[in-house]
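1. Just the structure for this:
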Amino acid sequence: MIRWSVPSAMAPTETPTKPPIGQAEGKREQVEAMFDDIAPRYDLLNRVLSMGIDVWWRKRAVVFLGEALLDRPSALLDIATGTGDLAIEALSLNPEKIIGVDISEGMLNYGRKKLEQKGLSDRIELVHADAADLPFDDGQFDGAMAAFGVRNFEDLQAGLGDIRRVLKPGAPLVILEFSHPRAFPIKQAYELYSKHVLPRIGRTISKNEEAYTYLPESVAAFPDGEEFLRNMEAVGFTVTIAKPLTFGVMSLYRGRA
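-> Here you go, the predicted structure:
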């Protein structure tokens, strides 16, 4: 059962400064303000900046989660749900309920409107909460997932640890996150795109000067591959596996609580 779901006050309306790269105290509030600011254009930006591949990435994440579920899920958790795209895709697993959490109330508000338009509000609930302090009982969920969100955690292991706490023993966690392509010429092409093309497009559409320079910098600083699996294992996840997608631009990670 949910212990609380009272949203905090909305972030200030002025354009936020860029959050610190990597893990740092106070990052949560700056990430929240940044995503509140870009929320109205977030879905459009995802489609444009990924050239639509983000839809396929989410589908692969849901398949990866479904392969590890022990039975038909009663409840699934979507961490850093944003506007709810991954949660909507995960309805294909036929859960009784999906709960999505995010620190940005602005993103959640757009997600709730989307769910209402699609007639899905009774199947997916969106809750304002931090991954490191989830408002749920121990062992409440049959599986959990996160897309493009864990690199924004203020404390990576605190977030992963609390996700593990709310999972049933043996339940899977699947994470979809940007990674570092290493093969020539994909590495060089990706660096050119992420450092020069992506920030310009993101700035033009979102009107936020900081958000889309933060994105490639946060990806570059994020531990990927085996290093990320070690972070999962450090908080107790087992049977961990990493699976690169799209020439290593993206990776799927999975472990069991």
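2. show me where the protein has strands.
-> Listed in chain order, the strands of the chain (DSSP state E) span 75-79, 97-102, 124-128, 143-147, 172-178, 238-245, 250-256.
3. Quick check: bridge partners of Ser251?
-> Glu177, Pro244 (DSSP bridges).
4. Select, out of the strands of the chain, the one closest to Gly111.
-> The closest of the strands of the chain to Gly111 is strand 124-128. By Cβ to Cβ, the value is 5.2 Å. For every residue, glycine as well, the C-beta is placed using N, CA and C.
5. Which elements pack onto that closest one?
-> Under the contact definition 3 or more Cβ pairs under 8 Å, 6 or more residues apart in numbering; DSSP states H and E, strand 124-128 sits against helix 85-89, strand 97-102, helix 105-118.
6. Burial check on the residue lying closest to Lys18 once chain neighbours are set aside, number of neighbours?
-> If the residues on either side of it in the chain are set aside, Lys18 comes closest to Glu210, at 3.7 Å by Cβ to Cβ, 6 or more residues apart in numbering. When neighbours are counted by other Cβ atoms under 10 Å, Glu210 registers 20.
7. TSV for the helices and strands packed on strand 124-128, including mean neighbour count and distance to Leu77?
-> TSV is the format used below for the helices and strands packed on strand 124-128 (neighbours: other Cβ atoms under 10 Å; distance: least, Cβ to Cβ, whole Å):
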stretch	mean neighbour count	distance to Leu77
helix 85-89	24	9
strand 97-102	24	6
helix 105-118	18	15
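8. With distance to Val127 and mean pLDDT added, can I get those in CSV?
-> Below are those laid out as CSV (distance: least, Cβ to Cβ, whole Å; pLDDT from 0 to 100):
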stretch, distance to Val127, mean pLDDT
helix 85-89, 11, 98
strand 97-102, 5, 98
helix 105-118, 8, 97
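9. Nearest to Leu76 among these would be which one?
-> Shortest distance between Leu76 and the helices and strands packed on strand 124-128, using Cβ to Cβ, is found for strand 97-102: 4.8 Å.
10. returning to what we had before: looking at the residue nearest to Lys18 now. What's its pLDDT?
-> On pLDDT, Glu210 comes in at 80.
11. before we move on, what about Pro181?
-> Looking at Pro181, its pLDDT reads 88.
12. Contacts only, for it.
-> Counting by Cβ atoms under 8 Å, 6 or more residues apart in numbering, Pro181 touches 187, 190, 247-249.
13. and of the strands of the chain, who's closest to Val166?
-> The closest of the strands of the chain to Val166 is strand 75-79. By Cβ to Cβ, the value is 6.6 Å.
14. got a list of contacts for that closest one?
-> Contacts for strand 75-79 (Cβ under 8 Å, 6+ apart): 65, 84, 86-87, 90, 93, 95-101, 131, 134, 136, 140-146, 149-150, 159, 163, 166-167.
15. again, 7 Å this time
-> When contacts are defined by Cβ atoms under 7 Å, 6 or more residues apart in numbering, strand 75-79 is touched by residues 86-87, 90, 95-101, 131, 140-146, 149, 163, 166.
16. do stretch 200-220 as well
-> For stretch 200-220, contacts defined as Cβ under 7 Å, 6+ apart pick out 15-19, 21, 34, 37-38, 41, 44-45, 48-49, 151-152, 178, 194-195, 198-199.
17. How far away from the center of its chain is it?
-> Centroid separation for stretch 200-220 versus its chain: 17 Å, with Cα atoms, centre = their mean, to the nearest Å.
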